[in-house]
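Colleague: From the sequence below, what's the structure:
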Amino acid sequence: MKTIILTSEQMIANRRSRKAAFGSFVGAVVDWYDFLLYGIIAALVFNSQFFPSVSPTIGTLAAFATFGVGFLFRPLGGIVFGHFGDRLGRKRMLVITVMMMGVSTALIGLLPTYASIGWYAPLALVVLRALQGFAVGGEWGGAALMAVESAPEGKKAFYSSGVQVGYGVGLVMATGIVSILTHTLDNDAFMAWGWRIPFLISIVLVLVAAWIRSTMEESQEFVEKVGVHGEHKVKIPVLAALRNHPESFLLIIALRMAEMFTMYIVTAFALAYSTKNLGMSRDLFLNISLLVGAVSCVTIPAFAMLADRIGLKRVYVTGAVIGLLSALPFFLAMEARSVAWIVIFSVLLANIAHDMVVSVQQPLFTAFFGAEYRYSGAGVGYQFASVICGGFTPFIATALLGVDGSWHAVAAYLAGGCLLSVVVSSRMTMGKSTVQACAAPAYQPPQQPEYQ
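Modeller: Numbering: from 1, shown residues only. Down below sits the predicted model:
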């Protein structure tokens, strides 16, 4: 039996890797809890509490539009936090993003409704949602980089998968708390004040996450490439990323379509559609969201480990194809009101297709850019994709439904996004490591980047 003896340097590096992965995971849990909670409450409460003077359909559209506002501000957050993250370090930005997210979420829980202050209520709601989007816009890039840059070679996907597992845990927490409240409170109490409780809980979660992140060490790759005090920093990182890797931004948008369409159709649009159009219990998709969130805590790291062994491309393409093939059966199951088939195809979309795709995104997207401008490049690309592919997905799906009252256009929308991801990913060169993932010459970092 072979005995492996680690040097003190290796032990320190392993401890740093685990701490970076855990810190990224915990912060991601809090940020996604806050961000996803808004979408759940928007589907159930905001149309009547903040837009009561319009028709139910228009109220639902308005509620989902405010949901999308958060995505509009995510690129701005990616630009700002990416800029300072590339110049000052990843750690500082991650502490700021989680604190900003927690404050804006708690304020939503304290916000007066339309009945109290009129149109100032939805206006304030939009502003706070914009702050949420700004904060989460800087979250993914920093969390992904801390995990990927600190991870051991050959385990980049697995160590960085916690960033996406945080999404699943946040979804379980947000959906679980709302589900508990809807079962313990009558409808009038929940609509009057019960919906505020999950937002206020965020205060405690944020304090814990901020403390954990403050104890993390800075990314060693950042220190080596840019310097302890940013001695070799790029003057305007986002412009350097755009100049050297313009194709990467378009690739990220195309690659995220399968991810965003599958998740938001299942967890946001289907919740509103099944209750308002099919007369089904709201508990069904709340419980489905709980299920897919819990299962993702196992499937995402499992698919990430698989990707580290067999390659990023095989895992990604397989997930996108499953999303494409599951689109039509998912809507047929809803129309048939078959709970069993709804659950099966929800899991196929959200736990197989979605989770296979997101399990490889961290090492893949961050490898598109050089370390000197990676926070800006990967973060901004990721967040622009969130606006185009995700933020208005429930809104667009609801609008498509309103054209002729049929679900066919929504199913085509879901399938089309997955198809584009399949085509783009199948033409890329991806391997088992972040270097191989960007083997094409167009994605190589410049040999002599321009420093300040």
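
Colleague: Where does the prediction get shaky in the stretch 1-150 of the chain?
Modeller: 1-13, 43, 52-61, 63-64, 67 (pLDDT under 70).

Colleague: ranges for the helices of it?
Modeller: Using DSSP state H, counting those that start in this stretch, the helices of the stretch 1-150 of the chain run over 8-41, 47-49, 56-72, 74-88, 90-109, 114-117, 120-137, 139-150.

Colleague: what's the angle from the first one to helix 120-137?
Modeller: With axes from the mean of the first three to the mean of the last three C-alpha atoms, to 10 degrees as the basis, helix 8-41 and helix 120-137 are set at 160 degrees to each other.

Colleague: Show me what helix 8-41 is packed up against.
Modeller: helix 56-72, helix 90-109, helix 120-137, helix 139-150, helix 156-160, helix 162-184, helix 196-214 (3 or more C-beta pairs under 8 Å, 6 or more residues apart in numbering; DSSP states H and E). Just so you know, the C-beta spots here come from the backbone N, C-alpha and C atoms, and that holds for glycine as well.

Colleague: which residues sit in contact with residue 148?
Modeller: Counting by C-beta atoms under 8 Å, 6 or more residues apart in numbering, residue 148 makes contact with 156, 159-160, 362-363, 366, 434.

Colleague: need these in a markdown table with pLDDT, neighbour count and distance to residue 330, can you?
Modeller: Formatted as a markdown table, the contacts of residue 148 follow (pLDDT from 0 to 100; neighbours: other C-beta atoms under 10 Å; distance: C-beta to C-beta, whole Å):
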| residue | pLDDT | neighbour count | distance to residue 330 |
| --- | --- | --- | --- |
| 156 | 86 | 29 | 32 |
| 159 | 86 | 25 | 32 |
| 160 | 86 | 32 | 29 |
| 362 | 86 | 29 | 27 |
| 363 | 88 | 31 | 29 |
| 366 | 82 | 26 | 31 |
| 434 | 42 | 23 | 33 |
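
Colleague: And those residues, which is closest to residue 355?
Modeller: residue 362 (13.3 Å; C-beta to C-beta).

Colleague: So that closest one sits against residue 156, correct?
Modeller: Yes - the criterion here is C-beta atoms under 8 Å, and residue 362 meets it with residue 156 at 7.4 Å.

Colleague: ok so, going back, point out the most buried one among the helices of the stretch 1-150 of the chain.
Modeller: helix 139-150 (a mean of 30; mean count of other C-beta atoms under 10 Å).

Colleague: so how far is it off the chain centroid?
Modeller: Offset of helix 139-150 from its chain centre (C-alpha atoms, centre = their mean, to the nearest Å): 13 Å.

Colleague: now do stretch 165-178
Modeller: On C-alpha atoms, centre = their mean, the centre of stretch 165-178 falls 12 Å from the chain's centre.

Colleague: mind showing which ranges of the stretch 151-300 of the chain have poor pLDDT?
Modeller: 219-234.

Colleague: Ok, which of the helices of the stretch 1-150 of the chain comes nearest residue 168?
Modeller: Nearest to residue 168, of the helices of the stretch 1-150 of the chain and by C-beta to C-beta, is helix 8-41 at 8.3 Å.

Colleague: now the closest one and helix 90-109, what's the angle there?
Modeller: 20 degrees.

Colleague: Helix 8-41 relative to helix 74-88, how many degrees between them?
Modeller: Going by the same axes, to 10 degrees, helix 8-41 makes 160 degrees with helix 74-88.

Colleague: how near is the closest residue in space to residue 40 that isn't next to it in sequence to residue 297?
Modeller: In space, and not counting its chain neighbours, residue 40 is closest to residue 178: 5.4 Å by C-beta to C-beta, 6 or more residues apart in numbering. Residue 178 sits 19 Å away from residue 297, going by C-beta to C-beta, to the nearest Å.

Colleague: nearest residue to residue 157 other than its sequence neighbours?
Modeller: Per C-beta to C-beta, 6+ apart, closest to residue 157 is residue 304, 4.1 Å.

Colleague: Was I right to think the one you found contacts residue 161?
Modeller: Yes - if you go by C-beta under 8 Å, residue 304 and residue 161 touch, sitting 3.8 Å apart.

Colleague: Please enumerate the shared neighbours of these two.
Modeller: Residues touching both residue 304 and residue 161 (C-beta under 8 Å, 6+ apart): residue 359.

Colleague: Residue 309: neighbouring residues, count only.
Modeller: The number of residues packed near residue 309 is 13, by other C-beta atoms under 10 Å.

Colleague: same check, this time on residue 298
Modeller: By other C-beta under 10 Å, neighbour count at residue 298 equals 13.

Colleague: host element of it?
Modeller: Using DSSP states H and E, residue 298 maps to helix 282-310.

Colleague: and the next element down the chain from that helix?
Modeller: Next element after helix 282-310 (DSSP H and E): helix 312-335.

Colleague: And the average pLDDT for the following helix or strand past that next one is what?
Modeller: Downstream of helix 312-335, the next assigned helix or strand under DSSP H and E is helix 339-347. The pLDDT scores in helix 339-347 average 94.

Colleague: Just the buried positions in helix 339-347, please.
Modeller: 342-343, 345-347 (16 or more other C-beta atoms under 10 Å).

Colleague: Likewise for stretch 181-195?
Modeller: Quick answer for stretch 181-195 (16+ other C-beta under 10 Å): 181-182, 185, 190, 194-195.

Colleague: and the residues you listed as CSV, adding distance to residue 243?
Modeller: Listed next are the buried residues of stretch 181-195 as CSV, based on distance: C-beta to C-beta, whole Å:
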residue, distance to residue 243
181, 50
182, 51
185, 55
190, 51
194, 51
195, 46
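
Colleague: which one of the residues you listed is nearest residue 208?
Modeller: For these, the nearest to residue 208 is residue 181 (21.6 Å; C-beta to C-beta).

Colleague: For the nearest residue to the closest one once chain neighbours are set aside, which residues are in contact?
Modeller: Leaving out its chain neighbours, the residue that sits closest to residue 181 by C-beta to C-beta, 6+ apart is residue 194, at 4.8 Å. Applying C-beta under 8 Å, 6+ apart to residue 194 gives the contacts 181-182, 185.

Colleague: Could you provide these in TSV, with additional columns for distance to residue 280?
Modeller: Output for these, formatted as TSV (distance: C-beta to C-beta, whole Å):
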residue	distance to residue 280
181	20
182	14
185	21
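
Colleague: which one of the residues you listed sits closest to residue 88?
Modeller: The closest of the contacts of residue 194, once distances to residue 88 are taken by C-beta to C-beta, is residue 181, at 40.3 Å.

Colleague: Go ahead and confirm the closest one touches residue 197.
Modeller: Yes - the pair residue 181 / residue 197 is scored as a contact, 6.3 Å apart, by C-beta under 8 Å.
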